[in-house]
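Undergrad: Quick one: sequence and predicted model below, then my questions.
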Amino acid sequence: DDDVKVAEFYERNRLPKDLPEERKYPKSISEEEAKVYEKSPLYKGEMRLRSYQLEGLNWLIYNWRKGQNCILADEMGLGKTA
């Protein structure tokens, strides 16, 4: 029954009562903390990230610093989880 499944979902996703306040919500970070790389780091073989890759890297770092789970995917469905 759908109602039972919905109730089970909410029960599994309920936060524990003894969870510390700082763990209940993603922390807020400043704009400066959000943007990490203005320019791509240099990688093996003198390679650099393209602009869209750099934007994705900054977004992953932003979410990681907030303590927010995220998945970065493209139109092919390939993804990276942080």
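TA: Done, it's in.

Undergrad: Name the nearest residue to the residue positioned nearest the centre of the chain, sequence neighbours excluded.
TA: Per CA atoms, centre = their mean, the C-alpha nearest to the average position across the chain is that of Cys70, at 3.0 Å. Excluding its sequence neighbours, the residue lying closest to Cys70 (CB to CB, 6 or more residues apart in numbering) is Asn63, at 4.1 Å. Quick note: C-beta positions are derived from backbone N, CA and C, even for glycine.

Undergrad: Neighbours of that neighbour, how many?
TA: 18 (other CB atoms under 10 Å).

Undergrad: Look up how far Arg12 lies from it.
TA: 23 Å (CB to CB, to the nearest Å).

Undergrad: Report the buried residues of the longest helix belonging to the chain.
TA: The longest helix of the chain (DSSP state H) is helix 51-66. Within helix 51-66, the residues that count as buried by 16 or more other CB atoms under 10 Å are Leu54, Gly56, Leu57, Trp59, Leu60, Ile61, Tyr62, Asn63, Lys66.

Undergrad: For the residue nearest to the centre of the chain, report the pLDDT, please.
TA: On pLDDT, Cys70 comes in at 87.

Undergrad: do the same with the one 3 residues further on
TA: We note a pLDDT of 80 for Ala73 in this prediction.

Undergrad: Please apply the same query to Tyr25.
TA: In this model, Tyr25 is scored at 65, pLDDT.

Undergrad: before we move on, what about the one 10 residues further on?
TA: Note for Lys35: predicted pLDDT of 67.

Undergrad: By mean pLDDT, flag the weakest helix or strand of the protein.
TA: For the chain, counting by mean pLDDT, DSSP states H and E, strand 79-81 ranks last in confidence among helices and strands (a mean of 55).

Undergrad: Against Glu75, how distant is the residue nearest to Cys70?
TA: 20 Å.

Undergrad: Nothing else from me, thank you.
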